[in-house]
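A.B. asks: missing the sequence, but the structure's below:
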């Protein structure tokens, strides 16, 4: 398998992860009627555009997507880390979203005692980051 084929698979995988994460986010807010907290909105701001960006990169097999999608995913995983810490670490006080209608330390779902929406977002960002780290740009020329 050549570099271009491997890149295409990695970018397509990252795109699929972004699609699933965005769909899950919309499911929880539009079908289950969970109101997103402030940190959820910030995570959405960094995940939703990845669907379009990675989709276009998949269509064109453009390895340069790593340059602009990777920073977005890194900021997104940072927000997810903060959000999960607010939900799961005792004594970790909520940041500014304590005064909002939906506090960020409230976990609407808690599968198996540790899987929250924030952890699901963290996992999606981590998978996208890992896939993009293995994408190699071909030398131009």
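C.D. replies: Right, received. Where do you want to start? On a predicted model such as this, the values are computed, not experimentally measured, just so you know.
A.B. asks: now do the most centrally placed residue in the chain against residue 138, distance only.
C.D. replies: By Cα atoms, centre = their mean, the chain has its centre lying nearest to residue 125, at 3.6 Å. Separation of residue 125 from residue 138 (Cβ to Cβ, to the nearest Å): 26 Å. Using the backbone N, CA and C atoms, a C-beta is placed for each residue, glycine as well.
A.B. asks: same check on residue 124?
C.D. replies: 27 Å.
A.B. asks: what residues of stretch 64-75 count as buried?
C.D. replies: 65, 66, 69, 70, 72, 73 (16 or more other Cβ atoms under 10 Å).
A.B. asks: hmm, who's touching that stretch?
C.D. replies: 11, 14, 46, 49-50, 53-54, 56-57, 125, 128-129, 132-133, 135, 137 (Cβ atoms under 8 Å, 6 or more residues apart in numbering).
A.B. asks: average pLDDT for that stretch?
C.D. replies: Regarding stretch 64-75, the rounded mean pLDDT is 96.
A.B. asks: please shift the residue numbers so they start at 5 in all later answers.
C.D. replies: All right, first residue 5 from here; so that's stretch 68-79.
A.B. asks: check the offset of it from the chain's centre.
C.D. replies: Distance of stretch 68-79 from the chain centroid (Cα atoms, centre = their mean, to the nearest Å) equals 11 Å.
A.B. asks: host element of residue 80?
C.D. replies: helix 69-92 (DSSP states H and E).
A.B. asks: in the host helix or strand of residue 129, which residues are buried?
C.D. replies: Per DSSP H and E, residue 129 falls inside helix 121-137. Neighbour counts over helix 121-137 (16+ other Cβ under 10 Å) mark 121-126, 128-133, 135-136 as buried.
A.B. asks: what's the closest of those residues to residue 25?
C.D. replies: residue 128 (3.7 Å; Cβ to Cβ).
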